[in-house]
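*Asks:* coords please:
(one chain, ligands or ions: 3)
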Amino acid sequence: MTLSQSFPEPAVIVDIAEHKQTERELKKALEFAEGIITAIPDVLFEVDEDGRYLQVWTRNPELLAHQKEMLLGRTVNDVLAPDQAAIAMEALRAAGKEGVAYGRCICVSLPNGETRWFELSVAKRPSADSATTLLALSRDITERKQAEEAINSVRIQLLSVLQTMPDMVWVKDTDGVYLLCNHAYERLTGKTEADVVGKTDFDLFETERARTFRESDKAAIEAGGILVSEEWVVSRENGQSVLLETRKVPVLAPGGEVAGVLGVSRDVTELNASRQKIHQMAFYDPLTSLPNRSLFNDRLRQMITSAVSRGQRAGVMLIDIDHFKVVNDTMGHPVGDELLCQAAARLNASVRDYDTVARLGGDEFAILLPDISQGDGLGRIANNILEKFRERFLLDGQEVFISCSVGIALYPDDSADANDLVKYADSAMYLAKRSGRSNFRFYSKDLTASAEERMRLESELRRAIERGELELHYQPKVLLTSGAMIGCEALLRWRHPEMGMIPPARFIPVAEDTGLIVELGQWVLREACQTAAEFNADSDSPHKVAVNLSVKQFQSPGLVRSIAEILDETGCRSEWVEIEITESLLLDQKDETLEMLSELRSMGFSIAIDDFGTGYSALNYLARFPIDTLKIDRSFINSVDRRNEELVKAILSIARCLGQNVVAEGVETAEQAAFLAANGCGSAQGFLYSKAVPKAEIIAIRLRSPAGDLNPRERLCG
Ligand code: C2E
Ligand code: CA
Ligand code: CA
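*Replies:* Numbers count the residues shown, from 1 in each chain. Ligands and ions are numbered 1, 2, ... in the order given. Take a look at the predicted model:
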């Protein structure tokens with residue numbers, strides 16, 4: 001195809017030279033136009049005002065709706081779909097009127113089945129004659145159109161993701177004008193997208209808030225990265241306070257310059273609550289809400305660091321509730337918990353605002369006391385604590401008196417080391433306990449030695465049974481009227497190869513603390529039953545051996561079964577054994593205890609209450625539990641004053657009413673024996689008759705006095 005074919009021939013020119021010149025120029029212009037047409041990939045049409053194709057030029061004929069020959073003479077309405085033809089016609093009309101028309105797009109179905117998009121640029125063809133024709137350049141923009149559609153669909157997807165997001169999302173330009181925000185934004189702020197877009201924070205919020213928002217937007221832009229902040233706001237959705245964590249990040253334009261800020265705000269109220277809960281759980285005791293051992297250790301180190309830098313003294317106190325175990329065992333764990341809470345409150349009330357009270361575990365509390373000018377300041381605080389504990393505790397509707405023991409160590413006097421200070425305060429606390437409880441003690445160097453001794457005792461005791469270091473001694477029990485020996489009490493002795501004879505008062509508490517008492521108790525039972533079997537083998541008057549059982553033994557499983565096995569093994573009969581228990585076992589009035597005691601009773605054992613009168617004054621258990629014997633504690637007998645005399649008489653009359661036997665413990669003088677006999681007490685034990693002696697000796701005593709007559713005037717020991 002050449003352009004010369006389609007343009008009309010020039011008019012005849014008279015001047016031939018001029019004519020030649022014009023012809024050359026025309027040819028050049030035609031070649032130039034032809035060059036342009038071949039250079040562009042577009043299709044060029046010439047059409048008349050009715051849209052009839054007059055001429056078509058293209059180097060890509062496959063872009064035509066029909067072959068060129070088929071097009072010529074037909075109109076756009078014949079060739080294009082009606083809606084597309086309408087667009088094309090409108091472009092032609094506009095160009096006819098205005099001279100040019102740009103930017104209309106139509107889509108055309110090609111013979112190969114493809115549909116492609118074209119952008120039309122139409123211009124009125126300059127012409128000398130009156131007939132108006134139009135030149136339409138049709139550019140294939142299918143790829144661009146597809147890319148635009150793809151972008152658009154991604155945009156729609158992104159927008160719907162934004163809308164369903166629970167997080168609040170918004171974008172502002174560099175002037176702080178909102179470009180978009182999502183539904184969550186509306187939910188939290190109560191402002192719709194229509195309210196927000198096109199506005200700045202100054203139009204939407206109070207000036208002060210708007211200013212802080214603007215500043216943090218700018219900070220995010222300056223930082224060039226994510227800026228995170230947290231803020232409490234009131235949600236418009238439900239009026240509740242919500243903690244928002246906002247992340248702001250600069251939005252970049254394609255050229256890399258900052259175009260605005262994107263913000264995402266997340267409701268972290270719940271997360272924050274669980275974070276706090278985790279912190280609380282990690283560092284606070286759930287029962288009393290006091291700092292726990294880890295937080296205490298942290299603060300202890302902080303206290304030392306600041307004491308070093310300020311040149312101050314500081315104190316560490318350890319506090320242990322006296323006889324807490326008894327309350328826990330007898331009144332139940334919920335009551336024990338209540339006691340701990342009340343104790344925590346009293347400790348807090350006894351110290352200064354800047355002291356830290358912590359619970360280290362069990363019934364053990366600790367206090368950090370920074371900035372102590374003098375040791376006596378600590379003494380005053382310790383006295384405060386003891387004083388606060390002197391007031392009665394109301395537990396489960398009962399009045400209970402509970403004391404505590406306090407140990408104190410001083411920084412830097414005793415040590416500059418955190419662990420040492422705690423260890424030393426602990427030793428001091430043990431000393432306070434040993435010296436009668438409800439007491440406080442300062443640490444002194446020789447205390448460590450006694451704490452170490454306790455640990456040594458503990459480990460030695462574990463081996464005492466295997467090494468055969470334990471012995472049972474027996475203290476005779478006599479009839480007060482005749483002095484006849486009717487039985488004896490088995491009392492445990494520990495003959496240590498280096499430490500010598502260790503009294504039970506020293507090792508029984510250690511055995512109870514460590515649980516070793518269960519094993520020791522088994523050994524005692526077996527030995528005592530063996531002895532009882534021997535004593536009764538050749539005698540017609542029964543001789544009872546009394547055995548002490550710890551509360552711990554009742555709490556460990558299988559007690560009754562193992563007692564039955566021991567009877568089997570030793571050939572001992574149950575009626576030759578009396579089981580001594582303490583009041584504390586009965587105080588919780590547990591059904592299991594009642595069951596165990598009833599079972600032992602029905603097996604034939606008799607049951608005695610040891611140290612009667614020293615425990616709690618809840619006498620109702622006497623009627624509920626199967627008790628055969630009351631053993632009056634020796635503190636009532638040893639110091640017989642008027643008050644004690646009356647108490648002893650009262651105990652004797654209770655026992656008479658309930659049909660129980662009474663044994664007076666710790667009878668040391670003839671006067672005491674006479675008083676007891678005169679008031680109807682049945683039997684007694686005590687140094688007046690004999691101390692506890694080894695098995696061989698008690699056999700000798702029985703042989704020397706076959707009728708069991710033990711005359712006080714011929715005492716067997718001094
Ligand atoms: P308890 O059961 O009250 O034993 C009586 C204690 O009083 C014994 O001390 C005994 O030697 C002492 N005593 C006896 N007559 C007199 C006296 O006239 N005057 C004075 N001042 N004391 C006298 P012991 O043997 O040192 O035992 C102390 C405690 O150790 C016992 O008190 C008992 O609670 C516990 N115990 C001893 N052996 C065992 C045992 O095998 N198992 C358990 N669970 N506890 C035991
Ligand atoms: Ca006893
Ligand atoms: Ca006793």
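
*Asks:* just for this protein, where's the confidence low?
*Replies:* Residue ranges of the chain with pLDDT under 70: 1-15, 128-129, 374-376, 446-452, 588-589, 615-618, 640, 705-718.

*Asks:* what about the residue nearest the centre of it, helix or strand, and which?
*Replies:* Nearest to the mean C-alpha position of the chain, by C-alpha atoms, centre = their mean, lies Met281 at 3.2 Å. Element membership for Met281, per DSSP states H and E: helix 269-283.

*Asks:* could you check how far the residue nearest to the centre of the chain is from Arg293?
*Replies:* 13 Å (C-beta to C-beta, to the nearest Å). In this view, the C-beta of every residue, glycine as well, is placed from N, C-alpha and C.

*Asks:* spell out which parts of the stretch 351-500 of the chain neighbour ligand 1.
*Replies:* Applying C-beta under 6 Å from any ligand atom, we find that the stretch 351-500 of the chain lies next to ligand 1 at Gln475, Leu491, Leu492.

*Asks:* who is the second one paired with across the strands?
*Replies:* With beta bridges defined as DSSP bridges, Leu491 has these partners: His473.

*Asks:* return the residues in contact with Leu262.
*Replies:* Leu262 makes contacts with Val169, Trp170, Val171, Lys248, Val249, Pro250, Val251, as judged by C-beta atoms under 8 Å, 6 or more residues apart in numbering.

*Asks:* map the structural domains onto the sequence of this protein.
*Replies:* Structural domains assigned to the chain are 12-142, 165-272, 284-443, 455-711, following automatic domain parsing.

*Asks:* distance between the shortest one and the chain's centre?
*Replies:* Translated: domain 165-272. Computed by C-alpha atoms, centre = their mean, to the nearest Å, the separation of domain 165-272 from the middle of its chain amounts to 33 Å.

*Asks:* what's the answer for the longest one, then?
*Replies:* Counting by C-alpha atoms, centre = their mean, domain 455-711 is centred 48 Å from the centre of its parent chain.

*Asks:* so does it get close to ligand 3?
*Replies:* Yes: Domain 455-711 reaches ligand 3 (C-beta under 5 Å from the ion) through Asp610, Asp611, Glu665.

*Asks:* which ones among these lie within helices?
*Replies:* Counting by DSSP state H, the residues of domain 455-711 next to ligand 3 place none of their members in helices.

*Asks:* tell me which of the residues you listed fall in strands.
*Replies:* Among these, the residues falling in strands (DSSP state E) are Asp610, Asp611.

*Asks:* CSV for the residues of domain 455-711 next to ligand 3, including neighbour count?
*Replies:* Listed next are the residues of domain 455-711 next to ligand 3 as CSV, based on neighbours: other C-beta atoms under 10 Å:
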residue, neighbour count
Asp610, 22
Asp611, 17
Glu665, 21
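
*Asks:* and of the residues of domain 455-711 next to ligand 3, the nearest to ligand 2?
*Replies:* Asp610 (4.3 Å; C-beta to the ion).

*Asks:* give me the element the closest residue to that closest one other than its chain neighbours is part of.
*Replies:* In this structure, Asp610 finds its nearest non-sequential neighbour in Glu580, 4.4 Å apart by C-beta to C-beta, 6 or more residues apart in numbering. Using DSSP H and E, Glu580 sits within strand 577-582.
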